[in-house]
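[1] Fold the following and give me the result.
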Amino acid sequence: MNANDTAAEAPYRLDEIEGILREAGLPYSRIGNHLRAELYALDAFYGIAYIVAAEEVFSFAGSQGEVEYARSQLWEHVCGKDHFEYSPKKNLYLFVVGPSELIDQPEYLVARAHIVNDDRNYAMKRVVTPAQAQLLLQNPFQPLVGAARAAERPELHLVREPYEQLGTTPEQLEASAGLTVGPILDYREAERRYDSPALVSRGDEFTDEVWDHVEVIFRRLMGLDYGLRRTVLGLCVTHRGNPHGAFMWQASRGERMAFAFAQFLAEAAKDVKPGLCLGVHDVLAAFDTLRQLVALDLLRDFAVATGASIQLRSAKQDFKRLAEAKFNLLKALPA
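    This next block holds a predicted model:
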């Protein structure tokens, strides 16, 4: 199957996405062969999602049949003025939707990567199937939390510290902020998690329920081309270009940190208590800009689903502005 064979199916695929948006109660408008949806969490607005048929932006070109994407059409005609008014575009989400038999073809890998890497200031950019788009529009922590959301309104506590102060103990951090914070994910805790001996024995420390959510969070952060695989020799990080995977000790620093972050959030969501304030201390610096934005989205989703507050500590000067914009909707949540 190629782009020409499936062009006629694009409107029907968007019809399917329209049904998903209606079921989720999200307002949207349809303009040609793309959708513009407004995103809300508990009636608080947080972003705009553009959903585009893959056939509209991918095309075969060149003598070797390479797949390219229509950059000018995507940004100017699809995303319109929103693309230029949001800077960085931390409230814009882009989903290019197509059937797996089209977008999973090997010749699409480079074009898929170009879409994601072309402008990394988006909140999220993904090339997905309709079913994957539906999952990305949902809060990944809701199935773990259920009806256990705390009654109080969550808050964001931001602390910017020089690098030399980031090695302090959790007890010192709590005292300096006047908060009771815990659990806390810092570099030492992240290292303890991805170097855990249990990861060399098929990840047996996980229940199946928590394991499933660790992988969901990990893939949302790293991208749907990634995955986690348990083997008799240990936990592996897989990728579309490396389906057999690399053991955790062979993975990149960002991949290891993403696993620790996903495991930390999945476990915390299973044990929500009143007054919980989750601490994340500078580990987001391990990610590039696009994944930092997705990580902030995940922390915001955690706060919305659980009612827990979040404390972020970082030495990055521009981090405060970025995090405040992401968590601005907390002020509109019901107490």
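
[2] alpha carbons only for contacts and neighbour counts from here, please
    Will do.

[3] Low-confidence ranges, this structure, go.
    1-12, 60-89, 119-121, 146-152, 160-179, 197-208, 241, 334-335 (pLDDT under 70).

[4] got the buried residues for the longest strand along the chain?
    Ranked by residue count and defined by DSSP state E, the top strand of the chain is strand 44-53. The neighbour-count check on strand 44-53 (16 or more other C-alpha atoms under 10 Å) flags 45-53 as buried.

[5] Remind me what it packs against, helices and strands.
    Strand 44-53 sits against helix 10-24, strand 34-41, strand 92-97, with contacts defined as 3 or more C-alpha pairs under 8 Å, 6 or more residues apart in numbering; DSSP states H and E.

[6] Quick check: what element follows that strand along the chain?
    Moving toward the C-terminus from strand 44-53, the next helix or strand (DSSP states H and E) is helix 54-57.

[7] tell me the domain ranges of the protein?
    Per the record, the chain has its domains at 3-136, 142-332, by automatic domain parsing.

[8] ok so, going back, output the buried residues of strand 44-53 in a markdown table; the columns should cover distance to Q263.
    Below are the buried residues of strand 44-53 laid out as a markdown table (distance: C-alpha to C-alpha, whole Å):
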| residue | distance to Q263 |
| --- | --- |
| F45 | 28 |
| Y46 | 25 |
| G47 | 26 |
| I48 | 28 |
| A49 | 27 |
| Y50 | 30 |
| I51 | 30 |
| V52 | 32 |
| A53 | 33 |
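
[9] Among those, which one sits closest to P183?
    Y46 (26.3 Å; C-alpha to C-alpha).

[10] residue boundaries of the strands in the stretch 201-335 of the chain?
    226-231, 234-239, 242-247, 277-281, 309-314 (DSSP state E, counting those that start in this stretch).

[11] Turn those strands into CSV, including mean neighbour count.
    Formatted as CSV, the strands of the stretch 201-335 of the chain follow (neighbours: other C-alpha atoms under 10 Å):
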stretch, mean neighbour count
strand 226-231, 18
strand 234-239, 21
strand 242-247, 16
strand 277-281, 23
strand 309-314, 22
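
[12] now the helices for the stretch 201-335 of the chain?
    Applying DSSP state H, counting those that start in this stretch to the stretch 201-335 of the chain gives helices spanning 208-222, 253-269, 289-306, 319-326.

[13] Same check on the stretch 51-200 of the chain?
    Secondary structure of the stretch 51-200 of the chain (DSSP H, counting those that start in this stretch): helices located at 54-57, 71-72, 80-85, 100-103, 109-118, 130-136, 142-145, 170-177, 187-194.

[14] Could you check how far the last one is from the centre of its chain?
    For helix 187-194, the separation from the chain centroid amounts to 20 Å (computed by C-alpha atoms, centre = their mean, to the nearest Å).

[15] Same question for it: list its buried residues.
    Neighbour-count burial for helix 187-194 flags 187, 189-190, 193-194 (criterion: 16+ other C-alpha under 10 Å).

[16] just the residues you listed now: which is nearest C277?
    For these, the nearest to C277 is E189 (16.5 Å; C-alpha to C-alpha).

[17] For the closest one, give me its contacts.
    If you count contacts by C-alpha atoms under 8 Å, 6 or more residues apart in numbering, E189 has none.

[18] Now do it against T238, distance only.
    Between E189 and T238 the computed distance is 23 Å (C-alpha to C-alpha, to the nearest Å).
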